[in-house]
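# Got a sequence here, can you build the structure:
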Amino acid sequence: MNEPKFIIEEITDPGEIARHREQDAQFKRNSDWLEAHWPDLLPQARGKFIAVAGQESFLADTPEGARQLAEAAHPNDMGIFVQYVLPHSGPRIYGYLRIVDTRLAQNRRERTQQAERTKSRARSKRLGRRLLRARLLHQQ
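The predicted structure follows:
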């Protein structure tokens with residue numbers, strides 16, 4: 001079988017470690033900048049891709065376009081990230097909620113059917129007792 005191999009290696013090269021730490025720091029700065037400037041970006045960013053580099057935003061219709069704009073303006077920023085901004089605000093409804101709602105509705109139907117069966121049995125018992133009383137009274 002051709003299963004992909006997963007290899008974990010320990011990196012001990014100080015230069016490599018410093019490069020990764022710098023990339024993480026740049027990403028954190030860009031992420032913090034975006035979090036602080038969302039209100040300024042939101043109306044025009046809806047339905048587009050936003051890239052952040054050098055604590056500056058770049059909007060485009062495709063993720064590649066947004067990344068290219070960011071890389072052109074800040075070629076040395078290793079913490080560039082791109083994300084899609086939803087075209088609408090408000091609640092998001094996910095598919096799994098529908099499954100839960102379906103199960104709840106099914107459970108509700110089952111409880112209703114059980115209650116109806118219980119009522120039906122009680123009616124049958126009352127009717128049986130009435131018939132028995134009527135027979136006893138008729139025999140006397």
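
# Confirm D40 sits in a strand?
No. Counting by DSSP: H, G, I helix; E, B strand; the rest coil, D40 is not part of a strand but helix.

# Tell me how many other residues crowd it.
Look at D40: counted by other C-beta atoms under 10 Å, it has 10 neighbours. Where you see a C-beta, it was placed from the backbone N, CA and C, and this is true even at glycine.

# Point out where this structure drops to low pLDDT.
Along the chain, the parts satisfying pLDDT under 70 run over 1, 92-101, 132, 136-140.

# Kindly report the domain assignment for it.
Here the domain parsing of the chain from automatic domain parsing is 14-84, 93-140.

# Would you mind finding the most buried of the ones you listed?
With neighbours taken as mean count of other C-beta atoms under 10 Å, those reach their highest mean count in domain 14-84, at a mean of 15.

# got a list of what the residue nearest to L41 when sequence neighbours are not counted touches?
Leaving out its chain neighbours, the residue that sits closest to L41 by C-beta to C-beta, 6 or more residues apart in numbering is S57, at 5.8 Å. Residues in contact with S57 (C-beta atoms under 8 Å, 6 or more residues apart in numbering) are L34, H37, L41, A45, I50, A51.
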